[in-house]
Each structure stands twice: as structure tokens, then as C-alpha cells.
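Peer 1: heads up, no residue letters with this:
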């Protein structure tokens, strides 16, 4: 109401409100309240919750609620969208738009004509309790008070201005044949009141009302469409693409109206639904549709690629390289998109092209290409080894052994396919390398490597013994007596052997020991009581002491450690356990 005082709202009209006397104190203190909002609804709500009042010509309507008194509240009612007319009644849905001013007593004597009603007065006069000026009503107003309809007044020749300003609501005026344009030109009717009065969206548009005003007044987009509004005008009025589509406009209408495709995507429309409107694949991509969405909508792979979708999107959509190849991509672009070499080769690209695209030997090996094919394609032996090709694969492909070895293959890989030492010798393999690969001394010697070179490679005395070399030859080759004795004598199951003495080793008492070994020698003595051996005596010339090993029945003697003896005395004895001739 304060807004009306400042001239920021429509006019104020007087109206009656009937209420019991016991409610007056609360109204005087807090103002009128809406039933259901802190107070109970006492008299129903036929047209909805709100404060019900009566026009001044319908005092009897309000008296029915005054508890059989003849006193009514005279109120100032703001003409606003929150105030609606229902024949002689007013419904106010905003407590700020009605103010009780004073109490009036209604006389019950009959009158032939109601007293002149005041015209609309200044709100400031009402709120400041100034006594409003009493003005004589126009004849049209007086006749309306006496029950004449707007149609009758119009037929009687009253002007549009007289009738429209006589206080009739929009419904009466519409019934009287007044257009929305007339009400807009001669009256001050809120747009919403015209909609409530039954004026169509077409009527309002003909009256030059704007679409945003009609939308605010509650007119639907469908009603505006039926009234001939274009999708573009609705878009300019702020209607969403969803509202326009729900009103029955086609997708083509919406797109032609300037709505972005992304709005349709947000509303859940698939690319296929939009395709009938003819958008480009690029516009669909810009709207956020995936390559798979666009392809499912019927666009070609070439369309999708030309729209700027990367090849990787097509791969993720399940399209093989062969299908994508129709778009003319390079093998390198397919590789960058994640297609493997086999896919690209199956798509018809040449091996050389695939190699140039950066695919590695391992990729081509998975595609089933032989080492020979990759050799012809220019791959090095080292790259093929890294790809997992075996040494046998390499040799079968025509690589030389030296190339295979230079590529890092161990010689042991060549031993498995059966390559002889002689072949490997011709390839420049060292004896040490052959030994590490598992080739025996005999094979290496048979291949023509010098005996001394083989000895230097780390082969042991036992390796040469198996190759048929005598102890004397090994002694001449620089093997120590300890090494020969331990390996040769143990190998025949006895500690002593004729070859020991033949090699110049000393034999004293009943045990043969190396003649010049400097380290300790481990001897295991196993003596049983049923053997013809009583005592084994060993002298150590370095300490001039004798160690006797006594038999103890059936017990096994423990491991005995003795220093090797140094003597040149020789005797011819037998081994106490094996009986072999020493």
C-alpha cells in the first residue's frame, strides 16, 4: 500500500468487509489476515484462500458475515494482480494490499437508488485519515449501482471510457463485447485480470500486449503458439527450448529460431532426432555429441572426420581401422589413435607404410610377421631380439651368427638349436663364452681351440679327465696336485689312485697325499671292523708328529682334517678300503 502512496502501483478502490464484533480489536491491532495462515478458515474459501470483501453496491454480501449487526469495515483495496473479482466480491491474496480504514453503519431503509459512490481517491488521503472529497459519480456509475450491465450501458450509447471507468470488472466488460485492446486503451486492468476474464492469448497479442507480459500473467507457451507466436519470438521472450518443444514446435522450428543445439542435447534429444533438421556433424560435435552419437544418427565416417572428431573417438566407438580407412587417414594417425599394427595391416596398408608410421618390431611380431619379413623391412637384429624373436628365428631369417651374437643373444640360445662349437668358433666366440654357455671342454678342444686357451678359460681338471687327458698332462698344464688329487681320486670312489703316483705324488705310510699342496685337504675315513685294516698312520714332516686313525668297530669315523705332507718317499701299498694297488 505504501507503494501506491508513492505512485508506484495502481489505484485504490473502497470495499466492505464483514466480520463479528469480537474480531474487531484484533483487526485494529494487526490488520486483516488470511485464513489458514495463523488463523482458522471460518467462512470457507470458494475462490481460494484470501480476504473476501464486497463492492460498495453489494453491502448485503458483507453483512452476512457481520454476526447480525449492521456494521461493516470500510477498507482500501489496491488494484493489483493479487486482487481478483468474482462478480460482486473481491478476493485479496496479499494482506499488504488491503487496509481497514473505519467502521460504517449500514441503514436498512429501502432506497430507490444508492447514494453516489466516491470516485477513486488518493491513497495518501486515506492513509493520512484526511476526509476524502465527496464527488458526484458519473451517470454510468450510478446506473451500474442500480444493476445495469455493461452491455446495457454500451447499448444505451455510453462511451467506451464511461463504461470502462464505471467500475465493471474485466469479465463483465468481455461479456459486453469489449476487446482486450479496448480495455488496454481505456482502462487500467492488470494483464492477469484479462486472462482470468477469459481473453485468449490471441486477443492479448492483437491488443499489442508483449509476450513477456503474457507469460508473467500466466499464459502458456502452447496458448501463445496457438495464437500464432513464432518460436523465435518465444525464444526472445525467454522461453526455453524445452518449453517451445513441449508446446508442439518441431526441432527444425527450434533450431531455426536460433536455439543452440546444446539446448536440445541438454533436454535429452539424441543426435538422430536432430538429424532430420539437417545440422552438420561439426555443429553436433560442438554441441557435445560424441562420435558414436553422430554415427548412430546416420552420418558417414567421412562426415565425422571432417567435423573434427579424432580417430581415437572412432576407435572407442568400435569402428575398425578398415572402416576408418575410407576417410583417408595416414597409418601414423591410426597408430596415434590407438589402432594396433594388425588392425592397420588388415585395413590394407603396406608393411613398409606401417613401419614408417612408427610401429615397432614387437607390434609386427604380434601381427604374425616373421623375422625374415622384418629383416627385409629394415629392422636391426637388436630390435628383433627386443621384439621377442628367438635366436633360431633370427638364424632362419638369414642373419649371420655374428649378427645374432652382436645383437645380444647369449651363446646358450645357439646351443639349443644345435649349433656346433666349430660354427661358433668361426663366428669369433671365445672359449670362456662357450664354457659359460655350457659347452664341455671336449667339444671346445675338438673345435680346434688350443689346450692352453681352454685351460685359461676356467675348465677344471675333471673336465679334462673326461676329455681323456692324463694327470701328467694336467700337471704339465699347471694344475696343482691338490686340485688333481681331489678331483681325480674322488671321481673313482677312492682317495688314492695309481695315476697319483704316476703323476709324481708321494705315497707314505698307507695314505697318498699331494707332494707340494699348501692348503688343508679334507679326508674322509670310513673304517669298518670287518676289513683287513688296523691302523692308518700319517706323518707330517712339518710338525714331525704322527696321527693314528684307529678303527672303532662298526662306527663311522668323523671328518678328519690334516695338513698335507711334504716328502719324496714312495712305497707300494694298497688302499686300505678298496684294495686297489697304490
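Peer 2: Nice, I can see it. What you are looking at is a predicted structure, and each value in this text was computed from that prediction instead of being measured. Numbering: from 1, shown residues only.

Peer 1: can we go C-alpha only for contacts and neighbour counts from here?
Peer 2: Noted.

Peer 1: remind me which residues of the stretch 251-400 of the chain are low pLDDT?
Peer 2: Judged by pLDDT under 70, the stretch 251-400 of the chain has no weakly predicted residues.

Peer 1: domain parsing for the chain?
Peer 2: Per automatic domain parsing, the structural domains of the chain span 2-136, 480-562.

Peer 1: least confident of those domains, on average?
Peer 2: Per-stretch mean pLDDT for the domains of the chain is lowest at domain 480-562 (a mean of 37).

Peer 1: how about the strands in the protein?
Peer 2: Counting by DSSP state E, one finds strands in the chain at the ranges 12-17, 51-54, 71-78, 83-86, 89-92, 98-105, 507-508, 511-512, 521-524, 536-540, 545-549, 559-562.

Peer 1: mind checking how far the fourth one is from the chain centre?
Peer 2: Read it as strand 83-86. 55 Å (Cα atoms, centre = their mean, to the nearest Å).

Peer 1: please apply the same query to the second one.
Peer 2: Centroid separation for strand 51-54 versus its chain: 60 Å, with Cα atoms, centre = their mean.

Peer 1: ok, residues contacting it?
Peer 2: Strand 51-54 has contacts (Cα atoms under 8 Å, 6 or more residues apart in numbering) with 15-18, 32-35, 61-62, 88-93, 95.

Peer 1: any idea how far the nearest residue to residue 267 once chain neighbours are set aside is from residue 474?
Peer 2: Leaving aside its sequence neighbours, residue 267 sits nearest to residue 242 (Cα to Cα, 6 or more residues apart in numbering; 6.5 Å). From residue 242 across to residue 474, the span is 101 Å (Cα to Cα, to the nearest Å).

Peer 1: and the buried ones among the contacts of strand 51-54, selectable in PyMOL?
Peer 2: In PyMOL, this line selects whichever of the contacts of strand 51-54 come out buried by 16 or more other Cα atoms under 10 Å:
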select buried, resi 15+16+17+18+32+33+34+35+61+62+89+90+91+92+93+95
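
Peer 1: wait, residue 161 touches residue 186, no?
Peer 2: Yes - contact criterion Cα atoms under 8 Å: residue 161 and residue 186 qualify, at 5.7 Å.

Peer 1: before we move on, the earlier item: more neighbours, residue 242 and residue 474?
Peer 2: The residue with more neighbours, out of residue 242 and residue 474, is residue 474; 19 against 15, by other Cα atoms under 10 Å.

Peer 1: residues near the nearest residue to that one once chain neighbours are set aside, how many?
Peer 2: Among residues not flanking residue 474 along the chain, residue 461 sits closest, at 7.0 Å (Cα to Cα, 6+ apart). The burial count assigned to residue 461 is 24, neighbours taken as other Cα under 10 Å.

Peer 1: how close does residue 461 sit to residue 284?
Peer 2: From residue 461 across to residue 284, the span is 83 Å (Cα to Cα).

Peer 1: then residue 216?
Peer 2: The gap separating residue 216 from residue 284 is 34 Å, by Cα to Cα.

Peer 1: and the two? Which one has more around it.
Peer 2: When neighbours are counted by other Cα under 10 Å, residue 216 and residue 284 differ, and residue 284 comes out ahead with 23 against 11.

Peer 1: OK, contacts around the more buried one?
Peer 2: Residue 284 touches 261, 271, 294, counting by Cα under 8 Å, 6+ apart.

Peer 1: I'd assumed residue 294 was in contact with the second one.
Peer 2: Right, residue 271. Yes - in this structure, residue 271 is within contact of residue 294 by Cα under 8 Å, at 6.0 Å.

Peer 1: give me the contacts around stretch 209-222.
Peer 2: 191-192, 195, 201, 204-205, 224, 233-234, 237-239, 243-244, 246-248.

Peer 1: buried members of those into ChimeraX, please.
Peer 2: Of these, the buried ones can be selected in ChimeraX as follows, counting by 16+ other Cα under 10 Å:
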select :191,192,195,201,204,205,224,234,239,243,244,247
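
Peer 1: filter the contacts of stretch 209-222 down to the ones in helices?
Peer 2: Counting by DSSP state H, those place 191-192, 195, 201, 204-205, 224, 233-234, 243-244, 246 in helices.

Peer 1: can you put the residues you listed in a markdown table and add pLDDT and distance to residue 140?
Peer 2: Below are the ones in helices among the contacts of stretch 209-222 laid out as a markdown table (pLDDT from 0 to 100; distance: Cα to Cα, whole Å):
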| residue | pLDDT | distance to residue 140 |
| --- | --- | --- |
| 191 | 87 | 24 |
| 192 | 86 | 25 |
| 195 | 89 | 25 |
| 201 | 92 | 30 |
| 204 | 91 | 26 |
| 205 | 91 | 29 |
| 224 | 92 | 35 |
| 233 | 91 | 41 |
| 234 | 91 | 41 |
| 243 | 89 | 45 |
| 244 | 91 | 45 |
| 246 | 88 | 46 |
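
Peer 1: tell me the one of the residues you listed nearest residue 73?
Peer 2: For these, the minimum distance to residue 73 (Cα to Cα) is 27.5 Å, reached by residue 192.
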